[in-house]
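**Student:** Whatever this is, show me its structure:
(one chain, ligands or ions: 1)
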Amino acid sequence: MHDTLLLFGATGDLAQRYLFPSLFHLLRDHRLPDSFRVIAVGRSDHDDEDFRAWLRQRLDDGDQRDAEALEDLLRRTVYHALDLNDADAMAAALSRYADRPAVSYLSIPPNLFEPACLGLKAAGLLEDPSRLVLEKPIGHDLASARGINATLRANLDESRIFRIDHYLGKAPVQNLLALRFGNTLLEGVWERRWIESVDIIVAETAGVDGREGYYAGYGALRDMVQNHMLQLLALIAMEPPSTLDADSIRDEKRKVLRALRPMTTADAARDSVRGRYGDGVVDGQAVKGFRHESDVETFVALRAWIDNWRWAGVPFRLVTGKRMPARATEVVVSFRPVSHWLFERPSAERARSNRLRMRLQPEETIELGLMGSLAAPEWGATELQPMSLDLTMSPTPKRRIAYERLMVDALKGDQTLFVRDDEVEAAWRWIDSVSDAWQAAGVATRPYPAGSWGPAEAAEFLPGTLSGNGGRRP
Ligand code: BG6
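**Tutor:** Numbering: from 1, shown residues only. As a prediction, this is how the structure comes out:
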């Protein structure tokens, strides 16, 4: 396990909210080597003590205080204020840390990836076996992603590049694989003959607040669908890998992403809805709408098609939005009705309640919807009723920040939960087809009140399983 972590973007929001708290938990739980050290790099002018004081205050506000582990983390942390465009300054400040294999973690905007690479190279920090970790977004379209990947490849081998998608570090997301490939009952029916549709929903109550600048250039399509949602789709739809090693899994995910049918101008109006939240009420609080001169969306609903043997003709509906009535990340797999309906009531339509519903956030629950006959019928036809089988894991595993697992894997060099260059590019190729189709077809961004499930036009994209709705229920 490498023991030197260089953290670029150390005073940023992500570092403050997730990266340092993850390190703090890992140290507390003795999951890091005794010699572990953090070299924090940021733009703001701090000396080591200033930075430690700042960090102490941020982490102290957290809910899981442990003074000793906190002081231990601070003792191991030094800070450098650096301009990443100045390779000489980077080399002068950082080359002393090249005495041991290091992991450099870039939690910085993508336009700084290239200069940061040059500075790290000059400091000797990209030599084998040192590694590089990158936060999303990897570009904003296929061309820019290719440019970034080419720069990375020119400086180090793909086997030492770790692209983070923090959804892959979430335990319930990993559980999708366990459920699918560990159970004959599920894998046997995991295909177009038995499955009618798949829904993937990531609803957030949070808004864009504080990130307007970044968000206006990305929107929900690029911020959420390109990475997290397509990774979920790939894990659900991929063929069984022959082993669980990183490249076997990534090969299968890439095949799914490449089989996504590009959206055409003709399909754009039928297969997508864009929305942007206006003023409204979320969790009982009045909130302001997102205002921006561009037509960037905070909500998107898409129907995606995977053109391969297993999934031909099965719609994958992807829905994500900010300022929804409830936070919910769900995957709903709906099975086809039985081939011949024997019962009079309810109608065959109701038998569509055969579905597997996996809620990944905020709580982790798994439910299988079946039809049954509960009460003995007093006369006449057997009456069926939808029932729900609770498959929720018990006891619920301890929640960890997704980044904890990913940090440890990057330090150990395990790439399984990181995204490979060709996956990123395949995902962008499809996203570009969607945004080009939107442009060509003039798909407008429709308003929706904060605290609703998106524009009315999106209702047909939402499964009837969501709850917590203050207003309209889909
Ligand atoms: C980030 C997006 O990648 O994921 C955010 O940039 C989004 O806009 C966040 O809010 C959602 O992550 P989580 O773990 O809270 O579901």
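
**Student:** wait, is R56 part of a strand?
**Tutor:** No - counting by DSSP: H, G, I helix; E, B strand; the rest coil, one finds R56 to be helix, located in no strand.

**Student:** Break the protein into its domains for me.
**Tutor:** As recorded under the TED database, the domains making up the chain are 4-135, 168-400+420-461.

**Student:** now the ones you listed as a markdown table including mean pLDDT?
**Tutor:** As requested, those are arranged in a markdown table below (pLDDT from 0 to 100):
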| stretch | mean pLDDT |
| --- | --- |
| domain 4-135 | 93 |
| domain 168-400+420-461 | 92 |
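
**Student:** Nearest approach to the ligand belongs to which of those domains?
**Tutor:** domain 168-400+420-461 (4.8 Å; CB to the nearest ligand atom). Backbone N, C-alpha and C define where each C-beta goes, glycine included.

**Student:** chain center to that closest one: distance?
**Tutor:** 12 Å (CA atoms, centre = their mean, to the nearest Å).

**Student:** do that domain and the ligand meet at all?
**Tutor:** Yes - Domain 168-400+420-461 comes into contact with the ligand (CB under 6 Å from any ligand atom), by way of 204, 206, 223, 361.

**Student:** what distance separates the start and the end of that domain?
**Tutor:** 25 Å (CA to CA, to the nearest Å).

**Student:** try stretch 105-113
**Tutor:** Start-to-end, stretch 105-113 (CA to CA) is 11 Å.

**Student:** Assign a three-state SS to R250, would you?
**Tutor:** Under three-state DSSP, R250 comes out as helix.

**Student:** Quick check: it vs D209, distance?
**Tutor:** As judged by CB to CB, to the nearest Å, R250 and D209 stand 35 Å apart.

**Student:** May I ask which of the residues of domain 168-400+420-461 next to the ligand has the most neighbours?
**Tutor:** D223 (23 neighbours; other CB atoms under 10 Å).

**Student:** excluding its backbone neighbours, what's nearest it?
**Tutor:** Of all residues not flanking D223 in the chain, Y215 sits nearest, at 6.6 Å (CB to CB, 6 or more residues apart in numbering).

**Student:** What is the nearest of the residues of domain 168-400+420-461 next to the ligand to W305?
**Tutor:** D223 (22.6 Å; CB to CB).

**Student:** Show me what the helix or strand encompassing the residue nearest to D223 packs onto, helices and strands only.
**Tutor:** In the assignment (DSSP states H and E), Y215 maps to helix 212-216. The helices and strands touching helix 212-216, judged by 3 or more CB pairs under 8 Å, 6 or more residues apart in numbering; DSSP states H and E, number zero.

**Student:** Give the burial count for the closest residue to the ligand within the stretch 1-150 of the chain, as a bare number.
**Tutor:** Residue of the stretch 1-150 of the chain nearest the ligand, by CB to the nearest ligand atom: K136 (6.2 Å). Look at K136: counted by other CB under 10 Å, it has 18 neighbours.

**Student:** same question, G313
**Tutor:** With other CB under 10 Å as criterion, G313 counts 9.

**Student:** close enough to count as contact, it and E191?
**Tutor:** No - using CB atoms under 8 Å, G313 is not in contact with E191; the gap is 11.0 Å.

**Student:** thinking again about what came up before, same drill for R250 and D209, tell me which one is more crowded.
**Tutor:** R250 (21 against 12).

**Student:** For V434, what are phi and psi?
**Tutor:** Main-chain torsions, V434, degrees, to the nearest 10: phi -70, psi -50.

**Student:** where does the nearest residue to it once chain neighbours are set aside land in three-state SS?
**Tutor:** Nearest non-adjacent residue to V434, counting by CB to CB, 6+ apart: M263, 4.7 Å away. State at M263, reduced to three classes by three-state DSSP: coil.

**Student:** Please report the number of neighbouring residues for M263.
**Tutor:** Count around M263 with other CB under 10 Å applied: 26.

**Student:** which ones are touching it?
**Tutor:** 271-272, 302, 430, 433-434, 437 (CB atoms under 8 Å, 6 or more residues apart in numbering).

**Student:** those strands in the stretch 101-250 of the chain, which residues are they?
**Tutor:** Ranges of strands in the stretch 101-250 of the chain, per DSSP state E, counting those that start in this stretch, are 102-106, 131-134, 161-164, 195-203.

**Student:** what's the distance between the first one and the middle of its chain?
**Tutor:** What it means is strand 102-106. 21 Å.

**Student:** Return the set of buried residues in that strand.
**Tutor:** Neighbour counts over strand 102-106 (16 or more other CB atoms under 10 Å) mark 102-106 as buried.

**Student:** So which of those residues would count as near the ligand as well?
**Tutor:** Within these, nothing lies near the ligand by CB under 6 Å from any ligand atom.

**Student:** With respect to D60, which of those residues is nearest?
**Tutor:** Closest to D60, out of all of those and judged by CB to CB, is Y105, at 22.8 Å.

**Student:** Excluding chain neighbours, what is closest to the closest one?
**Tutor:** V133 (4.3 Å).

**Student:** P33 too?
**Tutor:** D3 (4.4 Å).

**Student:** Ok, M224 next?
**Tutor:** T320 (4.5 Å).

**Student:** next one: A426
**Tutor:** L257 (3.7 Å).

**Student:** Kindly report the same for L14.
**Tutor:** That would be S107: by CB to CB, 6+ apart, it lies 5.0 Å from L14.
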